[in-house]
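**Q** Kindly generate the corresponding structure for this input.
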Amino acid sequence: MQEGRKTLKSLQGDIKKITDQLKKGNMNPGIGNKSIGSGITESRTRGGARLYWKIRQGQIEILGISGKDNQRKVINEILQCFGGK
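**A** Numbers count the residues shown, from 1 in each chain. The predicted model follows:
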(Lines give C-alpha, C1' and ligand atoms only; values in the text may rest on other atoms or scores of the structure.)
Protein backbone atom coordinates (compact mmCIF):
# COMPACT_ATOMS: atom_id res chain seq x y z
CA MET A 1 0.00 0.00 0.00
CA GLN A 2 1.66 3.13 -1.27
CA GLU A 3 -0.04 5.56 1.12
CA GLY A 4 1.05 3.52 4.14
CA ARG A 5 4.69 3.57 3.04
CA LYS A 6 4.70 7.39 2.87
CA THR A 7 3.32 7.57 6.39
CA LEU A 8 5.76 5.08 7.90
CA LYS A 9 8.79 7.37 7.72
CA SER A 10 7.13 10.44 9.22
CA LEU A 11 5.28 8.66 12.04
CA GLN A 12 7.63 5.76 12.69
CA GLY A 13 8.06 6.45 16.43
CA ASP A 14 4.31 6.61 17.09
CA ILE A 15 3.66 3.47 15.06
CA LYS A 16 6.33 1.61 17.03
CA LYS A 17 4.69 2.65 20.33
CA ILE A 18 1.33 1.26 19.20
CA THR A 19 2.77 -2.00 17.88
CA ASP A 20 4.82 -2.48 21.07
CA GLN A 21 1.65 -2.03 23.15
CA LEU A 22 -0.19 -4.58 21.01
CA LYS A 23 2.67 -7.08 21.38
CA LYS A 24 2.37 -6.73 25.17
CA GLY A 25 -1.34 -7.62 24.98
CA ASN A 26 -2.80 -4.10 25.23
CA MET A 27 -5.78 -4.32 22.88
CA ASN A 28 -6.53 -0.60 23.30
CA PRO A 29 -3.17 1.02 22.45
CA GLY A 30 -2.52 4.71 21.87
CA ILE A 31 -5.35 7.13 22.66
CA GLY A 32 -8.11 4.76 21.65
CA ASN A 33 -9.54 2.36 19.12
CA LYS A 34 -12.29 2.60 16.56
CA SER A 35 -13.80 -0.17 14.46
CA ILE A 36 -13.71 0.52 10.72
CA GLY A 37 -15.65 -2.63 9.81
CA SER A 38 -15.09 -6.34 9.12
CA GLY A 39 -13.29 -6.86 12.44
CA ILE A 40 -10.68 -4.22 11.53
CA THR A 41 -9.58 -1.81 14.25
CA GLU A 42 -7.98 1.62 13.96
CA SER A 43 -5.69 2.65 16.85
CA ARG A 44 -4.62 6.31 17.10
CA THR A 45 -1.85 8.40 18.69
CA ARG A 46 -1.82 12.06 19.69
CA GLY A 47 0.85 12.63 17.03
CA GLY A 48 -1.61 11.64 14.29
CA ALA A 49 -0.48 8.08 13.55
CA ARG A 50 -3.12 5.47 12.80
CA LEU A 51 -2.53 1.71 12.83
CA TYR A 52 -5.07 -0.66 11.28
CA TRP A 53 -5.17 -4.25 12.53
CA LYS A 54 -7.33 -7.29 13.13
CA ILE A 55 -7.08 -10.56 14.99
CA ARG A 56 -6.89 -13.59 12.74
CA GLN A 57 -6.41 -17.12 14.04
CA GLY A 58 -5.53 -15.72 17.47
CA GLN A 59 -2.76 -13.46 16.13
CA ILE A 60 -2.66 -9.70 15.59
CA GLU A 61 -2.31 -8.90 11.91
CA ILE A 62 -1.21 -5.38 10.95
CA LEU A 63 -3.09 -4.30 7.82
CA GLY A 64 -1.87 -0.74 7.30
CA ILE A 65 -0.87 2.62 8.72
CA SER A 66 -1.78 6.22 8.02
CA GLY A 67 -1.57 9.75 9.31
CA LYS A 68 -4.50 12.13 9.67
CA ASP A 69 -3.93 13.54 6.19
CA ASN A 70 -4.24 10.25 4.29
CA GLN A 71 -6.50 8.41 6.73
CA ARG A 72 -9.56 8.11 4.46
CA LYS A 73 -7.53 6.92 1.48
CA VAL A 74 -5.75 4.23 3.52
CA ILE A 75 -9.01 3.07 5.14
CA ASN A 76 -10.57 2.71 1.69
CA GLU A 77 -7.56 0.66 0.49
CA ILE A 78 -7.69 -1.57 3.57
CA LEU A 79 -11.42 -2.19 3.27
CA GLN A 80 -11.01 -2.97 -0.41
CA CYS A 81 -8.21 -5.47 0.26
CA PHE A 82 -9.40 -7.03 3.53
CA GLY A 83 -13.19 -6.76 3.48
CA GLY A 84 -15.61 -3.86 3.35
CA LYS A 85 -18.24 -2.65 5.76
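**Q** could you point out where this structure is predicted with low confidence?
**A** Scanning the chain with the threshold set as pLDDT under 70 gives 1-8, 84-85.
**Q** mind listing the strands for this structure?
**A** 32-37, 40-44, 50-56, 59-66 (DSSP state E).
**Q** ok, and what's touching the shortest one?
**A** Meaning strand 40-44. Outside strand 40-44, the residues that touch it by Cβ atoms under 8 Å, 6 or more residues apart in numbering are 18, 22, 28-36, 50-54, 63, 75, 78-79, 82-83. (Glycine included, C-beta is placed from N, CA and C.)
**Q** re the thing from before, same list (the strands of the chain) but as JSON lines, adding distance to residue 10 and mean neighbour count.
**A** What follows is these, written out as JSON lines (distance: least, Cβ to Cβ, whole Å; neighbours: other Cβ atoms under 10 Å):
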{"stretch": "strand 32-37", "distance to residue 10": "21", "mean neighbour count": "14"}
{"stretch": "strand 40-44", "distance to residue 10": "15", "mean neighbour count": "22"}
{"stretch": "strand 50-56", "distance to residue 10": "12", "mean neighbour count": "20"}
{"stretch": "strand 59-66", "distance to residue 10": "10", "mean neighbour count": "18"}
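**Q** Cool, thanks, signing off.
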